[in-house]
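Participant: return atomic coordinates for the entry below.
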Amino acid sequence: MIELHKDQLIVRFPDVHADAELRIDFQRTLRIPDDDREYPLPAGLGRFPLRHVDDFAERVPARWLEHGGVLLPMYQSEALWINFDGGYPCAVKIAAGKINAVTGDAYRPGLHRGPQDYAVTPGQPWLDGFCVEKGIIRQFVAMPLGAGYSAEEQITGAAEHGGLQLHVYPIKRQHYRPPIEGASVTGAPLGRALFAKSFDMGLAPGGRMRQEIYRDHRPLDVWDLDHGHRCFVHLANSLVWRAITGEEPPSTPLTARDYARAHIPWFEYYAEGETAVDGAGVLQRLKSVVAMGKAKGDVPLPENESLTPQTVIDLRRGLVKGQVREGRF
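Facilitator: A predicted model of the protein is given here:
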């Protein structure tokens, strides 16, 4: 079952194991500059609000009701990252407009290798974008569906689905090893979460960010494909959100200048002993929002100036780069 609680999706598999649970939320964040430089991870600036599509059946498109799921508000050209939290191993497929964010292939159920088309939690604490190269993603950036910017439209030529699609599979009960008592079971270091025109939006590739999607070293048959849960996450622009829910959308996102002025840190994260999957050629060939805008003679991203990250925290050690570590005396 999937429940919505405090703007978080809680995916549970009680028929598999009492511990089988994964919590997923969507973090507001800085849209990094789309300038072909590589940036560290920006901070999470609070969860996007989530609402049940079924609660607004009279105000949403019929196909939203057909898909079910939840909706969240995004401003045009705003960025997000997906946060995974839970200690029970799960395989998570992530698609944007039914395009797999790891491989660039059309969405299909099940789990596949050659190439691997999913991420594994708790080893994978988050996903910020499309896997374009080994260790490099292009940030998820919201653009109006139908304008030609989304990964879906660039790959398929159609503006049909939009939104995000998630499919979660738990590990089989017999392959689960409960954590040692007292050990942390959360997959994501807490450092990143610092602060509490079209009906549809799609996700387009934005700036380049250093992030690895880790290779699954388990045999494929350890995953319980009979107990998967799916969720369709609809992206509504801020005006549509207000019309549907009657609620005010979140405040406008920070610009890079605001981010730097507030001295908000950046983050680097690598899991020791893990191997990153290769990037997908089809995703690497996508035009970024800025590149597509130039081809169209448009300027789709306001305030896209480059910046130099100042404070970068290494989440492997919790140290600021360059900081001298105080050991035992």
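Participant: contact partners of the host helix or strand of Cys131?
Facilitator: Here Cys131, judged by DSSP states H and E, is contained in strand 129-133. Residues lying outside strand 129-133 but in contact with it, judged by C-beta atoms under 8 Å, 6 or more residues apart in numbering, are 81, 96, 101-104, 137-140, 151, 205-206, 208-209, 211, 213, 277-280, 283-284, 286. Backbone N, C-alpha and C define where each C-beta goes, glycine included.
Participant: can you do 6 Å?
Facilitator: Applying C-beta atoms under 6 Å, 6 or more residues apart in numbering, the external contacts of strand 129-133 come out as 101-102, 137-140, 205, 213, 279-280, 283-284.
Participant: how would you label Lys294: helix, strand or coil?
Facilitator: helix (DSSP: H, G, I helix; E, B strand; the rest coil).
Participant: quickly note the distance from it to Asn304.
Facilitator: 12 Å (C-beta to C-beta, to the nearest Å).
Participant: also Cys131?
Facilitator: 23 Å.
Participant: which of the two has more neighbours?
Facilitator: More crowded of Cys131 and Asn304, by other C-beta atoms under 10 Å: Cys131, with 29 against 20.
Participant: for the more buried one, report the pLDDT, please.
Facilitator: For Cys131, the model assigns a pLDDT of 97.
Participant: same question, the one 5 residues further on
Facilitator: Confidence per residue is given as pLDDT, and for Ile136 that number is 96.
Participant: contact partners for it?
Facilitator: Contacts for Ile136 (C-beta under 6 Å, 6+ apart) come out as Arg208.
Participant: hmm, back to that, make JSON lines out of the contacts of strand 129-133 and add neighbour count and distance to Asp7.
Facilitator: Output for the contacts of strand 129-133, formatted as JSON lines (neighbours: other C-beta atoms under 10 Å; distance: C-beta to C-beta, whole Å):
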{"residue": "Ala101", "neighbour count": "31", "distance to Asp7": "21"}
{"residue": "Val102", "neighbour count": "24", "distance to Asp7": "25"}
{"residue": "Ile137", "neighbour count": "27", "distance to Asp7": "24"}
{"residue": "Arg138", "neighbour count": "27", "distance to Asp7": "25"}
{"residue": "Gln139", "neighbour count": "28", "distance to Asp7": "21"}
{"residue": "Phe140", "neighbour count": "28", "distance to Asp7": "17"}
{"residue": "Pro205", "neighbour count": "29", "distance to Asp7": "26"}
{"residue": "Ile213", "neighbour count": "23", "distance to Asp7": "25"}
{"residue": "Gly279", "neighbour count": "22", "distance to Asp7": "31"}
{"residue": "Ala280", "neighbour count": "22", "distance to Asp7": "30"}
{"residue": "Leu283", "neighbour count": "25", "distance to Asp7": "28"}
{"residue": "Gln284", "neighbour count": "15", "distance to Asp7": "33"}
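Participant: among those residues, which ones are in strands?
Facilitator: 137-140, 205 (DSSP state E).
Participant: centroid-nearest residue for the chain?
Facilitator: Centrality entry for the chain: nearest residue to the mean C-alpha point is Ile82, 3.1 Å, by C-alpha atoms, centre = their mean.
Participant: secondary structure element holding that one?
Facilitator: Using DSSP H and E, Ile82 sits within strand 79-85.
Participant: just Asp19 next, same as before
Facilitator: Assigned by DSSP H and E, Asp19 falls within no helix or strand.
Participant: skip the chain neighbours and tell me the closest residue to it.
Facilitator: Tyr88 (4.9 Å; C-beta to C-beta, 6 or more residues apart in numbering).
Participant: who touches the one you found in this structure?
Facilitator: Residues in contact with Tyr88 (C-beta under 6 Å, 6+ apart) are 19-21.
Participant: most neighbours among those, which one?
Facilitator: Among the contacts of Tyr88, the one with the most neighbours (other C-beta under 10 Å) is Ala20, at 24 neighbours.
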